[in-house]
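Visitor: I need the structure of the sequence given here:
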Amino acid sequence: METKPNDIEFVRNQVSTNYQVIVLNLKGITHEESMIFPNGEANSMNWILGHLIYIRNAFLNILGEESVWEASTFSCYDRGAIALDMKDEFVHFDELKSYLKLSQERLESKLNVIENFKSESVQDISTLCLHEIYHSGQLGYLRRILGKPGAIR
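Guide: Just a heads-up that it's a prediction; the model follows:
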């Protein structure tokens, strides 16, 4: 396999590792559990996963790829959305997991062939990786709040 520039390898590793952490934290969570808002206000797992996918679409677009869904249809997962007020618009958790998998396939596919990042995109790409790390950690805490064992050992 051809060696990629370090920045592409770094991002590819982040995308792969983040996905693995997210999938582990989602394992065994039902749709009903994904809709629970701890303390009646903290974001639910459903919203966090949908939000991750919503922002992954921006990541895909920066890399020149198509989104996995139409942003306006899934605006309940956008940054700044009041999740509790929009819960009736949420997608079934299994469907969200399918969108996550599709976004992963598209990201990996693009990161395997891209030769470099546009210099004006590097800061955004870095921020998007951090964003995903942040929310994948939230999924781990929510998993425990829901009474599930920790998934990362």
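
Visitor: next up, the contacts around I22.
Guide: Applying CB atoms under 8 Å, 6 or more residues apart in numbering, we find I22 in contact with L49, L52, L100, E132, S136, L139. The way it works is simple: take the backbone N, C-alpha and C, and place the C-beta from them, glycine included.

Visitor: need the pLDDT of it.
Guide: We note a pLDDT of 98 for I22 in this prediction.

Visitor: K97 in helix, strand or coil?
Guide: Secondary structure for K97, judged by DSSP: H, G, I helix; E, B strand; the rest coil, is helix.

Visitor: thought it was touching L52?
Guide: No - with contacts counted by CB atoms under 8 Å, K97 stays clear of L52, the gap being 11.1 Å.

Visitor: give me phi/psi at the most centrally placed residue in the chain?
Guide: Central residue of the chain (CA atoms, centre = their mean): L52, 2.9 Å from the mean position. When read as degrees, to the nearest 10, the backbone of L52 gives phi -60, psi -40.

Visitor: for the lowest-mean-pLDDT helix or strand in the chain, packing partners?
Guide: Least confident element among the helices and strands of the chain, by mean pLDDT, DSSP states H and E: helix 83-86 (a mean of 93). Helices and strands touching helix 83-86, as assessed by 3 or more CB pairs under 8 Å, 6 or more residues apart in numbering; DSSP states H and E, are absent.

Visitor: return the set of buried residues in that helix.
Guide: A83 (16 or more other CB atoms under 10 Å).

Visitor: which residues are contacting it?
Guide: By CB under 8 Å, 6+ apart, the residues outside helix 83-86 that reach it are F37, G40, E41, N43, S44, W47, C76.

Visitor: C-alpha coordinates for it, CSV please?
Guide: In CSV, the C-alpha atoms belonging to helix 83-86 read as follows (Å, rounded to 0.1, in the frame of the first residue of the first chain):
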residue,chain,number,x,y,z
ALA,A,83,-33.2,18.1,21.2
LEU,A,84,-35.8,17.6,23.9
ASP,A,85,-38.2,19.8,22.0
MET,A,86,-37.6,18.0,18.7
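
Visitor: alright, calling it a day.
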